[in-house]
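Undergrad: I would like the atomic coordinates for the input below:
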Amino acid sequence: MIRFSRRAIFAALALSACTAVFSQTAYPDKPIRLVVPYPPGGFTDILGRLLSAQLQTRLGQNVIVDNKGGGGSTIGSAMVARAPADGYTLLLVAPDLAINESLMASRLSYDARKDFSPVIRAAWSPMVLVTHPSLPAKNVSEFLALAKARPGKINFASGGIGTGAHLALELFKTRAGVDVTHVPYKGNGPATSDLLGGQVSAMFLQYAVAKPHVAGGKLIMLATPSGKRSPAIPDVPTIAESGLPGFDVEPWFGIVAPAGTPTAIVNRLNAEIGKIMQQNDVKDLLASFGAAPSISSPQEFGKFIDSEVTRWAEVVKASGAKAE
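TA: From the prediction side, this is the model:
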């Protein structure tokens with residue numbers, strides 16, 4: 001039997017402790033890529049660039065935003081799922097991550113719950129139902145009456161198949177019993193451009209993006225799909241109080257890493273991003289977009305993603321939504 005002296009054991013323990021400390025403090029020692037699986041122009045891009053700038057200061061390394069739009073966020077998500085689990089590739093996620101598990105199950109090359117390490121849920125941001133001014137509807141009741149009078153004639157845009165806005169629309173159609181035509185785009189940017197141009201008539205859009213267009217009279221804001229009124233837009237009614245009780249869709253945003261990313265790195269990123277989201281200047285900036293921090297532990301975020309996968313699977317089944 002091999003015997004070790006007490007001095008050798010203490011030396012080994014000391015070396016192990018030093019190595020652990022070194023490993024933690026050494027990260028990061030090269031630039032980090034933050035993949036935003038959407039084109040520029042939406043709140044995800046705004047949040048991604050905010051986190052990038054703040055993390056660069058805190059971590060002492062460049063954090064590069066990489067927009068990989070398309071496929072309802074699946075292209076960028078698949079890229080991160082295949083990336084090395086070393087903390088140098090991160091993914092900004094939204095409800096699409098959970099929605100696609102059922103809507104695009106046969107097409108996905110990754111599993112939302114198995115192929116990512118949850119880092120933190122970071123923020124909430126309300127959506128709003130907006131319409132082009134040419135549509136003669138100034139509230140949800142008028143919109144529903146118009147949709148029922150013109151079945152299939154109202155073109156309703158989204159940033160893509162499987163996005164939160166798409167499933168909000170499917171839920172809206174099912175609950176309201178209306179037939180509107182879904183027109184998916186490759187991101188909120190081009191969808192918003194066509195809405196402003198009148199090529200499509202309506203859209204669920206993040207308030208952060210809709211706000212300047214509503215202020216300029218280029219879009220009409222009818223309601224928010226959130227379960228309760230947003231403090232940022234207290235005068236805007238919810239869809240639930242506009243005739244569809246229980247309607248509740250509110251986008252969330254967070255960060256995940258490839259599955260197997262070391263716990264120490266996940267915890268450090270969680271701590272740093274959590275501190276960023278608690279800064280008064282960051283809170284003020286988010287509030288200007290109608291958003292707010294929503295901080296969680298990695299474990300809490302993992303459970304939340306599980307619950308969202310289950311929730312949206314039920315909506316997909318009930319609505320009969322298809323990934324065209």
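Undergrad: can we go C-alpha only for contacts and neighbour counts from here?
TA: OK.
Undergrad: Determine the three-state secondary structure at Lys138.
TA: The three-state assignment at Lys138 reads coil, by DSSP: H, G, I helix; E, B strand; the rest coil.
Undergrad: Check which residues of stretch 204-217 are buried.
TA: The neighbour-count check on stretch 204-217 (16 or more other C-alpha atoms under 10 Å) flags Phe204, Leu205, Gln206, Tyr207, Ala208, Val209, Ala210, Lys211, His213, Val214 as buried.
Undergrad: Without its sequence neighbours, what residue ends up closest to the third one?
TA: Looking back up the chat, that one is Gln206. Spatial nearest neighbour of Gln206, excluding adjacent residues (C-alpha to C-alpha, 6 or more residues apart in numbering): Met127 at 4.1 Å.
Undergrad: Quick check, that neighbour in contact with Trp252.
TA: No: contact criterion C-alpha atoms under 8 Å: Met127 and Trp252 do not qualify, at 10.4 Å.
Undergrad: In terms of neighbours, single out the busier of these two.
TA: Met127 (27 against 21; other C-alpha atoms under 10 Å).
Undergrad: Over to that one: give its phi and psi.
TA: phi -100, psi 160 (degrees, to the nearest 10).
Undergrad: how about it, what does it touch?
TA: For Met127, the contact set (C-alpha atoms under 8 Å, 6 or more residues apart in numbering) comprises Phe204, Leu205, Gln206, Tyr207, Thr224, Pro225, Ser226, Val249, Glu250, Pro251.
Undergrad: same check, this time on Gly189
TA: Shown in contact with Gly189 (C-alpha under 8 Å, 6+ apart): Pro39, Pro40, Gly41, Gly42, Gly159.
Undergrad: what's the pLDDT at the fourth one?
TA: When you say that, I think you mean Gly42. Predicted confidence (pLDDT) for Gly42: 75.
Undergrad: doesn't Ser307 fall inside a helix?
TA: Yes: under three-state DSSP, Ser307 sits within a helix.
Undergrad: Distance of it relative to Ile99?
TA: Using C-alpha to C-alpha, to the nearest Å, we find Ser307 at a distance of 11 Å from Ile99.
Undergrad: Who has more neighbours out of the two?
TA: Neighbours per residue (other C-alpha under 10 Å) separate Ser307 from Ile99, with Ile99 holding more: 28 against 13.
Undergrad: what about the more buried one, which SS state?
TA: Ile99 is classified as helix under three-state DSSP.
Undergrad: Hmm, it is touching His166, no?
TA: No: applying C-alpha under 8 Å as the test, Ile99 and His166 come out as separate, 9.7 Å apart.
Undergrad: give the contact list for Ala259.
TA: Ala259 is in contact with Ala81, Ala85, Lys114, Asp115, Phe116, Ser117, counting by C-alpha under 8 Å, 6+ apart.
Undergrad: no, scratch that, I was asking about Ser296
TA: Ser296 neighbours (C-alpha under 8 Å, 6+ apart): Ile120, Arg121, Ala122, Gly274.
Undergrad: Kindly recompute the last result at 6 Å.
TA: Shown in contact with Ser296 (C-alpha atoms under 6 Å, 6 or more residues apart in numbering): Ile120, Arg121.
Undergrad: repeat for Asn139
TA: Leu222.
Undergrad: Ramachandran coordinates for it?
TA: Note on Asn139: its backbone torsions stand at phi -160, psi 170 [degrees, to the nearest 10].
Undergrad: ok, now how distant is it from Leu244?
TA: For Asn139, the distance to Leu244 - C-alpha to C-alpha - is 13 Å.
Undergrad: my read: Pro258 touches Gly87, true?
TA: No: contact criterion C-alpha atoms under 6 Å: Pro258 and Gly87 do not qualify, at 7.9 Å.
Undergrad: which stretches of this protein have low pLDDT?
TA: Residue ranges of the chain with pLDDT under 70: 1-25, 324.
Undergrad: Please, where are all the strands along the stretch 51-200 of the chain?
TA: 63-67, 89-93, 116-124, 127-131, 155-158, 181-184 (DSSP state E, counting those that start in this stretch).
Undergrad: Pull the number of nearby residues for Ser319.
TA: Neighbour tally, Ser319, other C-alpha under 10 Å: 17.
Undergrad: wait, what's in contact with it?
TA: Counting by C-alpha under 6 Å, 6+ apart, Ser319 touches Thr174.
Undergrad: 7 Å instead, please
TA: Glu170, Leu171, Thr174 (C-alpha atoms under 7 Å, 6 or more residues apart in numbering).
Undergrad: Asp66 now?
TA: Arg33, Leu34, Val35, Val36.
Undergrad: Please repeat the previous calculation with a cut-off of 10 Å.
TA: Shown in contact with Asp66 (C-alpha atoms under 10 Å, 6 or more residues apart in numbering): 33-40, 45, 48-49, 76, 90-91.
Undergrad: Let me have the residues you listed in CSV, adding secondary structure as columns.
TA: Shown next, in CSV, are those (three-state DSSP):
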residue, secondary structure
Arg33, strand
Leu34, strand
Val35, strand
Val36, strand
Pro37, coil
Tyr38, coil
Pro39, coil
Pro40, coil
Asp45, helix
Gly48, helix
Arg49, helix
Gly76, helix
Leu90, strand
Leu91, strand
